[in-house]
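# Based on what follows, work out the 3D shape:
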Amino acid sequence: MSVKKHVLSWGIVVLGLLLVVITALYVLLPQLRPHVTLHLGDGVFLTQVAKTPEAWEKGLSGTHGLRDNEAMLFIYERDDKWGIWMKDMNYPLDIVWLDKDKKVVYIVKNAPPESYPFESFTPKQEARYVVELPAGTVAKKAINIGTQAVFDENNIEGWKL
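Predicted coordinates:
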């Protein structure tokens, strides 16, 4: 076999392995990040967790989308009217606020990324948790005011960052 064919063969093998690694990371990375399983309405979501001021500020900024079974959960230490902005967002979200008992107290459907910096979304009553979901999820999964969420914030899985 010529040197050119040998190099080409190895190049194809390396490219194939690289594609396998990238695909594996795409599938596994969400499960490695800090997360909890969240049951809300008719949905079960693999939920990234934001528990620090830095994580609250970053949120989903700069990401390119959530899968239908993914969400982000903001956990706060006290009740307040926590505002959410769409800074550096690339897609719309449904935003759900939960009280200390994990019941839905306020919902914003289809919050557009273009709303930043002109608008932030704030609930009418105090909440302890905020859940960000792909736009349209609230309607698809029968999430309404008073819906009970179920998750264990003391059992966060994945890397502890």
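
# Give the next helix or strand downstream of the lowest-mean-pLDDT helix or strand in the chain.
Lowest by mean pLDDT, DSSP states H and E among the helices and strands of the chain is helix 3-32, with a mean of 70. On the C-terminal side of helix 3-32, the nearest following helix or strand under DSSP states H and E is strand 35-40.

# List the buried residues in whichever strand in the chain runs longest.
The strand spanning the most residues in the chain, taking DSSP state E as the definition, is strand 70-80. Using 16 or more other Cβ atoms under 10 Å as the burial criterion, the residues of strand 70-80 that qualify are 70-76. In this view, the C-beta of every residue, glycine as well, is placed from N, C-alpha and C.

# gap between that strand and the chain center?
With Cα atoms, centre = their mean, to the nearest Å as the basis, the distance from the averaged C-alpha position of strand 70-80 to the chain average is 12 Å.

# and whichever helix or strand comes after that strand, which strands flank it?
On the C-terminal side of strand 70-80, the closest following helix or strand by DSSP H and E is strand 93-98. Strands that pair with strand 93-98, judged by DSSP bridges, come out as strand 104-111 (antiparallel), strand 127-134 (antiparallel).

# can I get those in TSV with distance to Leu17?
As requested, the strands paired with strand 93-98 are arranged in TSV below (distance: least, Cβ to Cβ, whole Å):
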stretch	distance to Leu17
strand 104-111	40
strand 127-134	32
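
# would you turn the ones you listed into JSON lines with mean neighbour count?
Shown next, in JSON lines, are those (neighbours: other Cβ atoms under 10 Å):
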{"stretch": "strand 104-111", "mean neighbour count": "18"}
{"stretch": "strand 127-134", "mean neighbour count": "23"}
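
# nearest to Asp80, of those strands?
Closest approach to Asp80 among the strands paired with strand 93-98 is made by strand 127-134 (7.4 Å; Cβ to Cβ).

# Export the closest one to CSV, keeping only CA atoms.
Presented in CSV, the C-alpha positions along strand 127-134 are these (Å, rounded to 0.1, in the frame of the first residue of the first chain):
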residue,chain,number,x,y,z
ALA,A,127,-41.0,32.4,45.0
ARG,A,128,-38.1,30.2,46.2
TYR,A,129,-37.4,28.4,42.9
VAL,A,130,-37.4,29.3,39.2
VAL,A,131,-37.6,26.7,36.3
GLU,A,132,-36.6,27.5,32.8
LEU,A,133,-38.0,25.2,30.1
PRO,A,134,-38.1,25.1,26.3
